[in-house]
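Q: below: sequence and its predicted model.
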Amino acid sequence: MLNTDIINFGTPGGSIDTLIRIFNAWYTELKPPRIFCLLPTSGRYEINGKPVQNRTTDERWQQYKHEIDIYDTKVKLLETMAIEKGVIIHIKSPFKFIDLAWDKKHMGKETHKQFAKHLHETYRSTSTS
């Protein structure tokens, strides 16, 4: 077992598929009491375990709406998997962005640092209740 209370499984370019895959792969080994997920955008998915970007266009609007429905279903699946295992899962983050990444849609480096610091200070020594 690792000698730490907090493990970061953040995956650059990851997707909701990545979150589900990592949860399935590591839950039995680590049995975390609490999980924090920064949900990736719905336009990302995995093919053969490798994250890819789905760049939708106006011509593909119907496909995009279908992908949103699939994404929402996968978020609910992740929540259900955690609940069934008795894990407290935090999916929505009230944390405000300090800076943005290059695409102006995701947390920037400083925001990530502050978010990690916030989680560490808030939850490191607290119980799961």
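A: On my side now, so go ahead.
Q: for the longest helix belonging to the chain, packing partners?
A: Ranked by residue count, the top helix of the chain under DSSP state H comes out as helix 61-84. If you count contacts as 3 or more C-beta pairs under 8 Å, 6 or more residues apart in numbering; DSSP states H and E, helix 61-84 packs onto helix 16-30, strand 88-90. In this view, the C-beta of every residue, glycine as well, is placed from N, C-alpha and C.
Q: quick one: that helix to helix 16-30, angle?
A: Helix 61-84 and helix 16-30 are oriented at 10 degrees to each other (axes from the mean of the first three to the mean of the last three C-alpha atoms, to 10 degrees).
Q: so which bits of helix 61-84 are buried?
A: 67, 71, 74-75, 78, 81-82 (16 or more other C-beta atoms under 10 Å).
Q: could I get the residues you listed as TSV with distance to residue 11 and pLDDT?
A: Converted to TSV, the buried residues of helix 61-84 look like this (distance: C-beta to C-beta, whole Å; pLDDT from 0 to 100):
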residue	distance to residue 11	pLDDT
67	19	73
71	16	84
74	15	89
75	16	88
78	14	89
81	17	89
82	18	88
